[in-house]
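# got a structure for you, letters missing:
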């Protein structure tokens, strides 16, 4: 089953939210009848949850960095009153952009009945381009880092065609039962930060999405769904893609001293990631230089410690963040079923409405590995968010061998640990997501959301082979 969410979770226990996304919309007692809801009701419910649950709003203050919040709230109340069910998610998401935190989001998982799906399928196949027509359209000139080209989602080959005003994605070589060449997969238009529009499942069910290009235009991220470009002139990036699943890590030996490890996403299974490292254990241990390319990695779960074990030589200090005590956040931590969160739940329950200590993570000491690794280069870009950013911070803290290269990360790390709540939206199934705690107690004064994590060694965006740049500095 396909799914979409515009943000990733940061630690393994965030798989609770992943299960919700994969398993479909849960039934909610007393929920508004499917066809009797309004965007205004969803907006007011989201604002109530935002103000009760989001610690960033409390820490930053409506009269400080977030001055103008009340005016924006009034303006968007009017916008939502005029919004239809199909445009509601977009409007709600636009309201949250003002707060500048990528861990605040909305996403939808609309449900459609058989008749609606049949109508979508008929409409999608009314004016389908043929394979020859798509190939001809792909042969037109296009920007090297642009979106036009041949892509894969790991299940099919996809052609993205169009102009700067609108782009359409069609199945070029479908490998999914029932799918046909020319089936529409997405319709998107450019925005200031990327793209937005409609994404179609393989059953032709539409939903609103946002998307961004990363890693020299070779990764297209629809939140948790990644597409990889197959015909990019950035051949090194294209070569480091697993065509069966663009989110999986890949590894290549560049020379006898240097290994390149590409990790497009941390939203992969922990055991699968460990097995991948184990499979390449001899190569990793035998490398003097390890280049870890996380460009375009929008996050996931904290599965990266088995990788850091290869080059750790320091102790990670104990850490603790802050939590805004609310009923929603209490329910979230009670649902984690871990002793480390029992104290947090008790603090929340006894100090409702106050800011209290969050989860206390103990000091972490990794046993130094016996291998040849002397230098570790982490290559990042503005697509790196959440767990990708915490990987950088943890790798730096645990190892004196690490240097970071590239450009500043996205800055989605100060507020973490995501919870998702269903808004009154009938079968549109709109969810509001918010971060439950801060990364540490120094946020926001010493946070990264405003600047991203600045690399130790910047690389000019116009440098075409950034891995070669890193190799030059290592050698």
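Cool, got the structure. Because the structure is predicted, anything quoted here is derived from the model rather than measured. Numbering: from 1, shown residues only.
# tell me how far stretch 349-368 is from the chain's mean position?
Centre-to-centre, stretch 349-368 and its host chain are 24 Å apart (C-alpha atoms, centre = their mean, to the nearest Å).
# So which residues make contact with it?
The contact list for stretch 349-368 (C-beta atoms under 8 Å, 6 or more residues apart in numbering) reads 55, 58-59, 305, 308-309, 312-313, 315-327, 330, 333, 340-341, 343-344, 347-348, 398, 417, 436-438. Using the backbone N, CA and C atoms, a C-beta is placed for each residue, glycine as well.
# where along the stretch 201-350 of the chain do the strands fall?
Under the criterion DSSP state E, counting those that start in this stretch, the stretch 201-350 of the chain carries strands at the ranges 206-214, 219-222, 225-229, 250-253, 258-262, 289-293, 315-316, 319-324.
# show me what contacts residue 106?
6, 46, 89, 92, 93, 96, 423, 430, 431, 432, 433.
# Doesn't it lie inside a helix?
No - per DSSP: H, G, I helix; E, B strand; the rest coil, residue 106 lies outside any helix segment and is strand.
# tell me the pLDDT at it?
For residue 106, the pLDDT comes out at 96.
# Quick check: beta-bridge partners of it?
Note on residue 106: beta-bridge partners by DSSP bridges are residue 432.
# same thing with residue 188?
residue 167, residue 197.
# same thing with residue 207?
Going by DSSP bridges, residue 207 forms beta bridges with residue 199.
# right, and it touches residue 109 too?
Yes - counting by C-beta atoms under 8 Å, residue 207 touches residue 109, with 7.0 Å between them.
# Residue 378 should be in a strand, yeah?
Yes - under three-state DSSP, residue 378 sits within a strand.
# Does it touch residue 399 like I think?
No - look at residue 378 against residue 399 with C-beta under 8 Å: they stay out of range, at 10.2 Å.
# Look at the two and report which has more neighbours.
residue 378 (27 against 19; other C-beta atoms under 10 Å).
# For residue 388, give me its contacts.
266, 294, 297, 298, 299, 300, 380, 409.
# Show me what the helix or strand hosting residue 79 is packed against.
Residue 79 is part of helix 69-82, with elements assigned from DSSP states H and E. Contacts defined by 3 or more C-beta pairs under 8 Å, 6 or more residues apart in numbering; DSSP states H and E place helix 69-82 against helix 39-53, helix 88-97.
# Okay, angle between it and helix 39-53 too, please.
150 degrees (axes from the mean of the first three to the mean of the last three C-alpha atoms, to 10 degrees).
# Can you list the buried residues in helix 69-82?
69, 73, 76, 79, 80 (16 or more other C-beta atoms under 10 Å).
# In a markdown table: those residues, plus distance to residue 468 and pLDDT.
Formatted as a markdown table, the buried residues of helix 69-82 follow (distance: C-beta to C-beta, whole Å; pLDDT from 0 to 100):
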| residue | distance to residue 468 | pLDDT |
| --- | --- | --- |
| 69 | 46 | 93 |
| 73 | 49 | 96 |
| 76 | 47 | 97 |
| 79 | 47 | 96 |
| 80 | 49 | 97 |
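# Can I get those residues in CSV including distance to residue 221?
Formatted as CSV, these follow (distance: C-beta to C-beta, whole Å):
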residue, distance to residue 221
69, 28
73, 29
76, 26
79, 26
80, 27
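# Quickly name whichever of those residues is closest to residue 63.
Distance ranking of the buried residues of helix 69-82 against residue 63, using C-beta to C-beta, places residue 69 first at 8.9 Å.
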